[in-house]
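Q: any chance you can model this:
(one chain, ligands or ions: 1)
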Amino acid sequence: MQERLLEVRNLKKYFSTKKGLLHAVDDVNFFINKGETLGLAGESGCGKSTTGRVVLRLLEATEGEIIFEGKDIRAFNKDQMRVMRKEMQIVFQDPFASLNPRLSVSEIIAEPLVVNKVYKDKIEMRKHVSKLMETVGLAERLINTYPHELDGGRRQRIGIARALALNPKFIVQDEPVSALDVSIQAQILNLMDDLQKEFGLTYMFISHDLSVVKHVSDRIAVMYLGKIVELSDYTSMFKDPKHPYTQALLSAIPVPRIDVTRERIILEGDVPSPINPPEGCRFYGRCRYRQDICKEQTPELKDVGDLRFVACHFTNNLKETSK
Ligand SMILES: Nc1ncnc2c1ncn2[C@@H]1O[C@H](COP(=O)(O)OP(=O)(O)OP(=O)(O)O)[C@@H](O)[C@H]1O
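A: Sure thing, here's the model as predicted:
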C-alpha cells in the first residue's frame, strides 16, 4: 500500500464577513500519497487557494484535522510549526507579486536559509544558492539581477528555487503557470515534474484549468463552492466523470490519449454565494439531474469503488430531470 504523506479530515475554513459567514472550505476530506500529485480543480472562488493555505497553516482552519506524516499539525505549537514549515512549501501564482522587488535573485532564494539560520558561512550559503539556481535552470549570471529584469518564466523559477531551499517533502503549487505565457507554461510544468522525480516530492497542484491539471496530476479533486464533489484518479475521471459538475467541466475540454467523444454541457446560472449557503447539494440549482432530495440533504463524498469518491445522491443512476 502507498504511504500517505498528508491527510485532511473534515477541514473547514469560514470567514466572517459583513453579510454573514463565508464558507470558503466546507468539510473537505482527502489524502495525498508520498510522491504523488493531487490536482485541486474548480472554478474561481470555489476554495482551492484557501484549502492550500489552510493545509500549510498559513491560514488557521476553523475546524478539522491536518495530518502530516501521521501527526495532526493543527495541534503543533509555534516552535513545532517552525520545524514543520521546512517540510511544507508553496509556489504562488504570480511570481512578480510574490517576490520582493527590492531583493536580488540570490537574496530571494537565500531568504529561507537566512531565516532558518542554516549557514554561518556566507560562501557556503552562496554555493547552495548557486546549486539551487542550477537545479531550476537559472543561469549563474543572473544571481545579482532583480525580479523586474527577468521574464515571468525565470521569475517563477526563482519562486521554485526558494521553495526548494530547505529540502521540503511537500509543495503546494497554487496556479503556478496561470500568469505565464502559454509557451513558457510547459517548461515550468516539465521542470516541476523533473524535480518531483529527482527529490521524491509530493505536490498539491491547484488550478482553475482542468486542461492544465490533467497534465500533472495522478489524482484530481474537483471542488464546487467549498466542497469536493469528486475525487478520482486521472484516467477514470476523464473517461467516466461521475458528478454532474465534473461532467460539465470536462465536456468543455479536449481529452487526448483517452478516446471519448462528449456532448458539450453548458452550465446555466451562476455559482451561488458561499455566504450562508443553503442545506442540500450546492450544485442543485445548476444540475440537470436534480431531484427533491438534493435540495434537502447534502450528499457526502462517498467511496464508489476503485478509490473513486463522489458527492452525489444519484451516482451511477443519473436521470435527467431538467435542461
Ligand atoms: N481573507 C478572506 N476573507 C474573506 N473571504 C475570503 C478570504 N479569502 C478568500 N475568501 C473567499 O473565499 C472563497 C474561496 O476563495 P479562494 O481564493 O480559496 O478560491 P479559489 O478557488 O482559489 O479561487 P481563485 O482561483 O479565484 O483564487 C471566495 O468566495 C473568496 O472570496
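
Q: what sits against Gln297?
A: If a contact means Cβ atoms under 8 Å, 6 or more residues apart in numbering, then Gln297 has Glu279, Gly280, Cys281, His313 as its contacts. Backbone N, C-alpha and C define where each C-beta goes, glycine included.

Q: before we move on, what about Lys197?
A: By Cβ under 8 Å, 6+ apart, the contact list for Lys197 is empty.

Q: if we go to 10 Å?
A: Lys197 is in contact with Gly35, counting by Cβ atoms under 10 Å, 6 or more residues apart in numbering.

Q: so which bits of the helix or strand it falls within are buried?
A: Using DSSP states H and E, the element containing Lys197 is helix 182-199. Neighbour-count burial for helix 182-199 flags Ile184, Gln185, Gln187, Ile188, Leu189, Leu191, Met192, Leu195, Gln196 (criterion: 16 or more other Cβ atoms under 10 Å).

Q: swap in stretch 139-148?
A: Leu142, Ile143, Thr145, Tyr146, Pro147.

Q: now, which of these sits nearest Ser44?
A: The nearest member of the buried residues of stretch 139-148 to Ser44, counting by Cβ to Cβ, is Pro147 at 25.5 Å.

Q: quote the end-to-end distance of stretch 266-275.
A: End-to-end distance for stretch 266-275, by Cα to Cα, to the nearest Å: 25 Å.

Q: give me the residues contacting that stretch.
A: Outside stretch 266-275, the residues that touch it by Cβ under 10 Å, 6+ apart are 14-15, 17-26, 42-47, 224-226, 244-245, 248-249, 251-252, 278, 282-288, 322-323.

Q: now the buried members of the residues you listed.
A: Among the contacts of stretch 266-275, those classed as buried by 16+ other Cβ under 10 Å are 14, 22-26, 42-43, 45-47, 224-226, 244-245, 248-249, 282-288.

Q: filter the residues you listed down to the ones in strands?
A: Using DSSP state E, the members of the buried ones among the contacts of stretch 266-275 that fall in strands are Tyr14, Leu22, His23, Ala24, Val25, Asp26, Tyr224.

Q: which one of those residues is nearest the ligand?
A: The ligand lies nearest to Ala24 out of these, by Cβ to the nearest ligand atom, at 3.4 Å.

Q: can you pull the contacts of that closest one?
A: Neighbours of Ala24 in contact, by Cβ under 10 Å, 6+ apart: 12-15, 45-51, 53-54, 59, 62, 225-226, 274.

Q: ok, and which of the residues you listed reach the ligand?
A: When the contacts of Ala24 are checked against the ligand using Cβ under 6 Å from any ligand atom, the ones in range are Phe15, Gly45, Cys46, Gly47, Lys48, Ser49, Thr50, Pro274.

Q: closest to Tyr119 among those?
A: Ser49 (32.4 Å).

Q: and the closest one, how many neighbours?
A: 22 (other Cβ atoms under 10 Å).

Q: quick check: the residue lying closest to it once chain neighbours are set aside vs Ser207, distance?
A: With Cβ to Cβ, 6 or more residues apart in numbering as the criterion, Ser49 has its nearest non-adjacent residue at 5.6 Å, and that residue is Asp174. As judged by Cβ to Cβ, to the nearest Å, Asp174 and Ser207 stand 9 Å apart.

Q: could you do Arg4 as well?
A: Per Cβ to Cβ, Arg4 is found 23 Å from Ser207.

Q: neighbour count for those two, which is higher?
A: Neighbours per residue, other Cβ under 10 Å: of Arg4 and Ser207, the larger number sits with Ser207, 25 against 16.

Q: let's have the ones next to the ligand among the contacts of Ala24 in JSON lines, adding pLDDT.
A: Shown next, in JSON lines, are these (pLDDT from 0 to 100):
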{"residue": "Phe15", "pLDDT": "97"}
{"residue": "Gly45", "pLDDT": "92"}
{"residue": "Cys46", "pLDDT": "94"}
{"residue": "Gly47", "pLDDT": "97"}
{"residue": "Lys48", "pLDDT": "97"}
{"residue": "Ser49", "pLDDT": "97"}
{"residue": "Thr50", "pLDDT": "98"}
{"residue": "Pro274", "pLDDT": "94"}
